[in-house]
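Student: I'd like to go over a predicted model; first the sequence, then the structure.
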Amino acid sequence: MDENSALIESILREEDEAEADKYVKKMSSTAPVQNGDAYAWQTVSYHKRNRRLSQPIPPDSVGDPPNGDVFRSIELHSEERRRRIRQAQTDSLPAVRSEPHSDDDSDAEVAAAAENGEPKKAKVKKPKKPKLTVAEAASKIDAAHLGAFLAEITEVYQSQQDILLLRLADYFGRAFASVTAAQFPWLKIFKESTVSKMVDIPLSHISENVSKTSVDWIGQRSTEALGSFVLWSLDCILADLASHQGAAKGSKKVVQQPSRCQVAIFAVLAMVLRKKPDVLISLFPVMRESSKYQGQDKLPLTVWLITQASQGDLVVGLYTWVHLLLPILSSKSGCNPQSRDLILQSVERILSSPKARPILLNGAVRKGEHIVPPSALDLLMRVSFPSPSARVKATERFEAVYPTLKEIALAGSPGSKTVRQVAQKTLNYSVKAVIEGIANNKETILNLLELYK
């Protein structure tokens, strides 16, 4: 029997006994005793467990003969008893009613349990995932396990190469899932690092075996699938960049997508560009037409992309530098000293690579097109030999790289038709610069003479 039922039963028992005692006393004082037996009145039809009278008492019987007073008293006690029972039931509802259960006990529930003498329930805390650095997470990647995973997905998605590359990114995403944004603040790293340090982010933490397993597998994918993956990766990175910029400007907070790890995207993207650098060239039309891939805030990312492609092929690296970074020098945003420094660091690293000069001279003409066209050489001449009043701190650095770039621009068989055409176009650009007074006349004339040596 629960606490509620026991309480109601106790009230009923007390009321019945009280009514029975009062009834016996009342009858004893008003009725004669037959044959001297004080218990003769026990044969009356009333029983203590009867809840109602056999016949209802009309409401206008109050104040009638004395017998009516007796039954009226019983009725009043009965009503009082029912009222007390209802009150007891109402008072007991909060204790009986159960609330929805939750995994985390509230402080109120713990306090209530303590008052009732029950032992306190300890709050259950969800275990937190351990935070790892990029190096720690990378050290846990097993090359054999990765190889088995790649073999399995290749068999399943053989005809869907786009999905294959996304699955590879997902694999690295799970491997780096415990690396927080604080452990890999890529935007801050790119802004504060030199190009020579930027080039190994984040591949320097990944073992050679894991990298080789991934790169060999990437080399078997089509150029179209790789191009789609590179654009997808860039969109993910730019979305993260937009969230950082939004937070800095005080706009509404942009929730970062937890399912994608930035370390994983940068890692796989770097592997793709190193193995198939030509993919970046195939994306020139998209990157030039869409404004989301352009702008001063995207310059560090663009430099990183070109640096990764240069690791795979110096010729492709210089070609992308000429077409994506060099034009910035002629724009208004190119006047920024930080921008000029990044652009110069990028080309200086390409030209200082081992055996860079013979490699670039041998690949000076790519698919019938000079990697340093006459228009690019003209722009280089303008920034390398400006008028004295237009010289800046970076001018000397441009002067240092100009001879090698000019040599690459004019590479080819001496006196050949191609070389003559390039020299003629370069001459026209140079004469125009002299007439406009943009370039240093003396230096420009000397360079014009060099074109025909």
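Tutor: Done, it's in.
Student: Strands of the protein, start to end?
Tutor: 365-366, 369-370 (DSSP state E).
Student: who does the first one pair up with?
Tutor: Applying DSSP bridges, strand 365-366 is found paired with strand 369-370 (antiparallel).
Student: shaky segments in this structure?
Tutor: 1-9, 11-12, 14-75, 77-78, 89-129, 246-260, 332-334, 412-453 (pLDDT under 70).
Student: would CSV of the strands of the chain with mean neighbour count be doable?
Tutor: Bear in mind the C-beta positions are built from the backbone N, C-alpha and C, glycine included. What follows is the strands of the chain, written out as CSV (neighbours: other CB atoms under 10 Å):
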stretch, mean neighbour count
strand 365-366, 15
strand 369-370, 16
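Student: Could I get these in JSON lines, plus columns for distance to M271?
Tutor: Listed next are those as JSON lines, based on distance: least, CB to CB, whole Å:
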{"stretch": "strand 365-366", "distance to M271": "23"}
{"stretch": "strand 369-370", "distance to M271": "27"}
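Student: So which of those strands is nearest A376?
Tutor: Across these, A376 has its closest neighbour in strand 369-370 (8.6 Å, CB to CB).
Student: Isn't Q345 up against V199?
Tutor: No. With contact defined as CB atoms under 8 Å, Q345 does not reach V199; the gap is 10.4 Å.
Student: quick one, which of the two is more surrounded?
Tutor: More neighbours surround V199 than the other of Q345 and V199, with 20 against 17 (other CB atoms under 10 Å).
Student: what ranges do the helices span in the stretch 101-250 of the chain?
Tutor: Ranges of helices in the stretch 101-250 of the chain, per DSSP state H, counting those that start in this stretch, are 107-115, 134-139, 143-156, 161-175, 186-192, 195-198, 208-218, 223-248.
Student: Make CSV out of those and add distance to W304 and mean neighbour count.
Tutor: Below are the helices of the stretch 101-250 of the chain laid out as CSV (distance: least, CB to CB, whole Å; neighbours: other CB atoms under 10 Å):
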stretch, distance to W304, mean neighbour count
helix 107-115, 50, 11
helix 134-139, 16, 18
helix 143-156, 24, 14
helix 161-175, 17, 19
helix 186-192, 6, 15
helix 195-198, 6, 17
helix 208-218, 17, 17
helix 223-248, 10, 17
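Student: which stretch among those helices comes nearest T307?
Tutor: Evaluated over the helices of the stretch 101-250 of the chain, closeness to T307 peaks at helix 195-198, with 6.0 Å, by CB to CB.
Student: elements contacting the closest one?
Tutor: Helix 195-198 sits against helix 299-312, helix 337-351, with contacts defined as 3 or more CB pairs under 8 Å, 6 or more residues apart in numbering; DSSP states H and E.
Student: Redo the ones you listed as JSON lines? Include distance to T213.
Tutor: Formatted as JSON lines, these follow (distance: least, CB to CB, whole Å):
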{"stretch": "helix 299-312", "distance to T213": "17"}
{"stretch": "helix 337-351", "distance to T213": "27"}
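Student: Deepest-packed of the ones you listed, please.
Tutor: With neighbours defined as mean count of other CB atoms under 10 Å, the helices and strands packed on helix 195-198 peak in mean count at helix 299-312, which reaches a mean of 23.
Student: Return that helix as PDB; C-alpha atoms alone will do.
Tutor: Only the C-alpha atoms of helix 299-312 are listed here, as PDB (Å, rounded to 0.1, in the frame of the first residue of the first chain):
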ATOM      1  CA  LEU A 299      46.500  36.700 -51.300                       C
ATOM      2  CA  PRO A 300      48.100  34.500 -48.600                       C
ATOM      3  CA  LEU A 301      46.000  31.500 -49.700                       C
ATOM      4  CA  THR A 302      46.800  32.100 -53.300                       C
ATOM      5  CA  VAL A 303      50.500  32.200 -52.500                       C
ATOM      6  CA  TRP A 304      50.200  29.000 -50.600                       C
ATOM      7  CA  LEU A 305      48.500  27.300 -53.600                       C
ATOM      8  CA  ILE A 306      51.200  28.400 -56.000                       C
ATOM      9  CA  THR A 307      53.900  27.300 -53.600                       C
ATOM     10  CA  GLN A 308      52.400  23.800 -53.400                       C
ATOM     11  CA  ALA A 309      52.200  23.600 -57.200                       C
ATOM     12  CA  SER A 310      55.800  24.700 -57.400                       C
ATOM     13  CA  GLN A 311      56.800  21.800 -55.200                       C
ATOM     14  CA  GLY A 312      55.500  19.500 -57.900                       C
END
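Student: Would you mind pulling up the elements that that helix packs against?
Tutor: Using 3+ CB pairs under 8 Å, 6+ apart, helix 299-312 sits against helix 186-192, helix 195-198, helix 223-248, helix 262-275, helix 278-282, helix 314-320, helix 337-351.
Student: For N362, which of these is the nearest?
Tutor: The nearest among these, by CB to CB, is helix 314-320 at 8.3 Å.
Student: ok, now how distant is A169 from V268?
Tutor: Noted for A169: a distance of 5 Å to V268, by CB to CB, to the nearest Å.
Student: same check, this time on W321
Tutor: Relative to V268, W321 is positioned 23 Å away (CB to CB).
Student: coming back round to it: name the residues contacting each of A169 and V268.
Tutor: Shared contacts of A169 and V268, defined by CB atoms under 8 Å, 6 or more residues apart in numbering, comprise 229, 233.
Student: so how many other residues sit close to S389?
Tutor: Close neighbours of S389, defined as other CB under 10 Å, add up to 5.
Student: show me what contacts it?
Tutor: Contacts of S389 (CB under 8 Å, 6+ apart): none.
Student: returning to what we had before: to S159, which of the helices and strands packed on helix 299-312 lies closest?
Tutor: Using CB to CB, the helices and strands packed on helix 299-312 put helix 223-248 closest to S159, at 11.0 Å.
Student: what helices or strands is that closest one leaning on?
Tutor: Partner elements for helix 223-248 (3+ CB pairs under 8 Å, 6+ apart): helix 161-175, helix 186-192, helix 262-275, helix 278-282, helix 299-312.
Student: coming back round to it: who has more neighbours, W321 and V268?
Tutor: Per other CB under 10 Å, whichever of W321 and V268 has more neighbours is W321, with 26 against 23.
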